[in-house]
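Chemist: Give me a model of this one.
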Amino acid sequence: MRGSSGWKCAALLCAVFFSGAVAAVTPDEEEKQQCKKPKFRDFAPAHMAEVAPGVPLSFHVSPNADPFTITAEARGEKMKVDVVNKKTFYLVNTTLPALSGGFARIHVTAKAAESKTIASGCLGQDGWLLKIKGAEAPAKTAVAPAAQ
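Modeler: Numbering: from 1, shown residues only. Predicted coordinates:
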C-alpha cells in the first residue's frame, strides 16, 4: 500500500506544475482586453431644468475613470472642472459659462484609468440638457400664403 501513496504524491505534483501553464495569459489574450468605460450619474441641476447663466453644476463619475481626463463643455465652450476623489466615485464641480438663453447640452467625457494599456483608449461620454434663462432667439414662424 505504500507504493500507491507515492504515485498519489507524484500525480499531485504534476497537476500543480501543469496548472500554471493553463492559467497563463497569452499575448493575444492580453491585447484583447475589454475596456470598462467610466459612467456618469447624479447630474445637478437635473435634466431639462431651467437655470441662469453662471450657475454651479455637478455630477459624479465612476471610480474607474482617470481624474485628469474628466472634461465638461457647453455649446462647445470648455468649462474648468474641479474633481474631488470621494473614494467610491469622483465628484466633479464646474460653473455654467455665460451663455445666451435657449437650450444647452452639457457634454462630459472621461477616459478609463486602464485606457493607458489599451491602444485605442477607453472614453466614456454622457451629458444632459439645460434650459438657460435669458433672451431667447425668436422662433421662426411659418408665413401663410396670402388668400386670393
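
Chemist: Which residue ranges of this structure form helices?
Modeler: Taking DSSP state H to define them, one finds helices in the chain at 2-23, 27-31.

Chemist: Could you tell me the least trusted of these?
Modeler: Mean pLDDT values for those show the minimum at helix 27-31, a mean of 58.

Chemist: Tell me where the model's unsure across this structure.
Modeler: 1-3, 9, 11-33, 115-120, 135-148 (pLDDT under 70).

Chemist: How are the strands of it distributed by residue range?
Modeler: 40-44, 50-51, 56-61, 71-74, 77-79, 82-85, 90-95, 102-111, 123-132 (DSSP state E).

Chemist: Make CSV from the ones you listed and add mean neighbour count and distance to Trp7 to it.
Modeler: Every residue, glycine included, has its C-beta placed from N, CA and C. Below are these laid out as CSV (neighbours: other C-beta atoms under 10 Å; distance: least, C-beta to C-beta, whole Å):
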stretch, mean neighbour count, distance to Trp7
strand 40-44, 15, 58
strand 50-51, 14, 77
strand 56-61, 19, 57
strand 71-74, 19, 64
strand 77-79, 13, 71
strand 82-85, 12, 56
strand 90-95, 19, 57
strand 102-111, 19, 55
strand 123-132, 18, 55
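
Chemist: could those strands go into CSV alongside distance to Ser4?
Modeler: What follows is the strands of the chain, written out as CSV (distance: least, C-beta to C-beta, whole Å):
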stretch, distance to Ser4
strand 40-44, 61
strand 50-51, 80
strand 56-61, 60
strand 71-74, 67
strand 77-79, 74
strand 82-85, 59
strand 90-95, 60
strand 102-111, 58
strand 123-132, 58
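
Chemist: can you tell which of those strands is closest to Gln34?
Modeler: strand 123-132 (13.6 Å; C-beta to C-beta).

Chemist: just checking, what packs against that closest one?
Modeler: Here strand 123-132 touches strand 40-44, strand 50-51, strand 102-111, going by 3 or more C-beta pairs under 8 Å, 6 or more residues apart in numbering; DSSP states H and E.

Chemist: Out of those strands, which gets nearest to Cys122?
Modeler: For those, proximity to Cys122 was assessed by C-beta to C-beta; strand 102-111 is nearest, at 6.1 Å.
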